[in-house]
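Participant: this is a predicted model, with the sequence first.
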Amino acid sequence: MPLTTTSPFTAADCDRNLRWFLVIRFSYDFMLWGPVWVLYMTQTLGLSFTQIMLLEMAFQTLMILMEIPTGMFADTHGRVWALRGSAIAFALTIGLWGTAQNAAWVMGAWFFWALAETLWNGTDAALLYESLLAAGRESRFARTLGRIGSITVAGAAVAAIIGGWAAQWGFRPLMWAHAVLILVGVFAAFRLREPPRADDVVPGSPRQIIRGMWTLLTSSAKLRVLLLAAATIDVVYVVVIIFQQPLMLEAGFDIAEFGPVYAVSTILAAAGPITLTWLSSRWGVPKTLLFIGASVTCLCLVTFMTPGLWIVVPLTLLRPFGHGARPVAVEGMNALVQGHGRATVLSLRGIASAALVGPTEVLTGIWADRYPIRKLFLALTGALPPIMATLTVIWRRSSQDRGIAPRTNARDTTTDSQEG
């Protein structure tokens, strides 16, 4: 039912939300199957790279279709109920994926994953920000977001070591074990408390939310730049994640070695959110995204050129930039968002990413079935610089564009540095 609560929200409620939110995020990211999921799909389910990428594109399409409705659900019915639905859907996802027999089963699992992701996207940042705002701690938003991301990714590193070692005896039990853990996340989601909205307690109607989102999207070049920059980096991140495992097999790694390698890369990835959000507070969001793009370009070139087992070095170093770009983009978007439609507008990042990643996945899948995977990284090296340079020029020409600020009496946390 629609959100109508007006009960006081205290600093203790904020601390409680942060703790239970961390439990949910940790249960999501403790992916024992992470180091071998591509091998599971190719070796156990017998799928080709083209089939995997077609399924991925279908998943991204579902994300696009679901983002706005689920964002509106979070804005009209409450952040807490959206996160509860996300946790339940993700538990169903991993349970179905672990029992999959063919591509149709995988698609069914990914339907629930798309639902889980879209209910989560934007809602997570909205819940955190509004919980902190109600406690007078809104200036800690970026730091809190980065810290939670780093902690949960560090947990994923432990899961990678365990999962990589256990994968020698089968892939499916890893999925089943994760499904059980996510039930803990479901419990945690039902312990969250709804925070008051940043601008008022009663949220806007769906029509008002859509109108405000469309106004912001069409009037704010800065928002469009943030969306495109984050989506472009997401494309590279997806390529790295999906093709890291087959590249390692080609380079001569044994499956038992996947866990430690994946754990090291995940630990480094954990430094990405907290380091890059710290950097964005000093350089500004646009300069930080440009730095990320330039770093990713260099590492893609090194990946293409590196022989043998050493290929794991650039692949590992790419992870922190891909993982850290997301909270930096959310930080920039958060400064442009209307309070009552925050979850819906922040979900635009997921839509932009899915729209760009989906078609790219199909093209890379076809490539990987016919040509050397390594050369994909050379293509990325050539594509990234002109895209990031163009977006930087657009941002600089939009120096007066500050979007639509949240309607709140709280102190405006957007600094000149953040505006770039």
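Facilitator: Right, received. Where do you want to start? Numbers count the residues shown, from 1 in each chain.
Participant: wait, isn't residue 175 in contact with residue 31?
Facilitator: No. Using C-beta atoms under 8 Å as the test, residue 175 is too far from residue 31 to be in contact (9.4 Å). Heads up, the C-betas are built off the backbone N, CA and C, glycines and all.
Participant: those two: which is more packed in?
Facilitator: Comparing residue 175 with residue 31 by other C-beta atoms under 10 Å, the one with more neighbours is residue 175, at 24 against 20.
Participant: which residue packs closest to the more buried one, ignoring adjacent ones?
Facilitator: Excluding the flanking residues, the one nearest residue 175 by C-beta to C-beta, 6 or more residues apart in numbering is residue 98, at 2.9 Å.
Participant: hmm, the one you found is touching residue 170, no?
Facilitator: No. The pair residue 98 and residue 170 does not pass the contact test of C-beta under 8 Å, sitting 10.7 Å apart.
Participant: quick one: residues contacting the residue nearest the centre of the chain.
Facilitator: In the chain, the residue lying closest to the centroid (C-alpha atoms, centre = their mean) is residue 326, at 6.1 Å. By C-beta atoms under 8 Å, 6 or more residues apart in numbering, the contact set of residue 326 is 149, 230, 234, 273, 349.
Participant: who's in contact with the residue nearest to residue 175?
Facilitator: Counted by C-beta under 8 Å, 6+ apart, residue 98 has contacts 172, 174-176, 178-179.
Participant: quick check: mean pLDDT of the host helix or strand of residue 354?
Facilitator: If you go by DSSP states H and E, residue 354 is part of helix 348-370. Mean pLDDT, computed over helix 348-370, is 81.
Participant: for the following helix or strand past it, what is the average pLDDT?
Facilitator: As assigned by DSSP H and E, the chain's next helix or strand after helix 348-370 is helix 374-397. What helix 374-397 shows for mean pLDDT is 86.
Participant: just the strands in the stretch 51-200 of the chain please.
Facilitator: Secondary structure of the stretch 51-200 of the chain (DSSP state E, counting those that start in this stretch): no strands present.
Participant: tell me where it has helices.
Facilitator: 79-98, 103-120, 123-134, 141-166, 172-189 (DSSP state H, counting those that start in this stretch).
Participant: so which bits of the shortest one are buried?
Facilitator: The reference is to helix 123-134. By neighbour count on 16 or more other C-beta atoms under 10 Å, the buried set for helix 123-134 is 123-134.
Participant: just checking, residue 193 touches residue 12?
Facilitator: No. Counting by C-beta under 8 Å, residue 193 stays clear of residue 12, with 9.8 Å between them.
Participant: which of these two has more residues huddled nearby?
Facilitator: Using other C-beta under 10 Å as the criterion, residue 193 and residue 12 rank with residue 193 on top: 18 against 10.
Participant: for the closest residue to that one other than its chain neighbours, give me its contacts.
Facilitator: Closest residue to residue 193 in three dimensions, ignoring its sequence neighbours and counting by C-beta to C-beta, 6+ apart: residue 13, at 5.1 Å. By C-beta under 8 Å, 6+ apart, residue 13 lies in contact with 131, 134-135, 193, 195.
Participant: just for this protein, where's the confidence low?
Facilitator: Low-confidence segments of the chain (pLDDT under 70): 1-7, 197-210, 212-213, 337-347, 399-420.
Participant: thanks a lot, catch you later.
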